[in-house]
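Novice: Predicted model and sequence below, questions to follow.
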Amino acid sequence: MAHVVIKDSRVQLRLSILEILGAFHLSPTVDIDQIESVEVIDNPWVREVLKGVRAPGTGIPFLVMLGTMRYLKGKDFVAIYRRKPSAIVTLKSGEFKRWIFQIADVEEIKALEKAISQ
């Protein structure tokens, strides 16, 4: 399960080895000042959240979605499992427009919200 790691002025969505293999992507990293907002949602498997097509990555609907979701105006990095609470981190710039991932620890999300509000 993906974990949010804050170190200095960088935020990393740390993936396990199996997640890296399934996503065909290393753990994404961004400067903390590039984070626009953090939102918590109950069900990430809705059309308003998941946009476009997954390429590359691994996907079994309503079970697992790992990798890059590409759509007309950009792309998102996704690491979600089943219908569990997830976080959406919206980015100002960079490789991805959003990170969408299952919440491993609520304290990580609270620490991220606190870090971007400073």
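Specialist: Great, that's in hand.

Novice: for the top helix by length along the chain, which positions count as buried?
Specialist: Scanning the chain for the longest helix, with DSSP state H as the assignment, gives helix 106-117. Neighbour-count burial for helix 106-117 flags 108-109, 112, 116 (criterion: 16 or more other CB atoms under 10 Å). Where you see a C-beta, it was placed from the backbone N, CA and C, and this is true even at glycine.

Novice: between the residues you listed, which is nearest residue 49?
Specialist: Taking CB to CB as the measure, residue 49 lies nearest residue 109 of the buried residues of helix 106-117, at 16.1 Å.

Novice: Hmm, residue 37 and the closest one touching each other?
Specialist: No: using CB atoms under 8 Å, residue 109 is not in contact with residue 37; the gap is 12.0 Å.

Novice: just how off-centre is the longest helix of the chain within its chain?
Specialist: 14 Å (CA atoms, centre = their mean, to the nearest Å).
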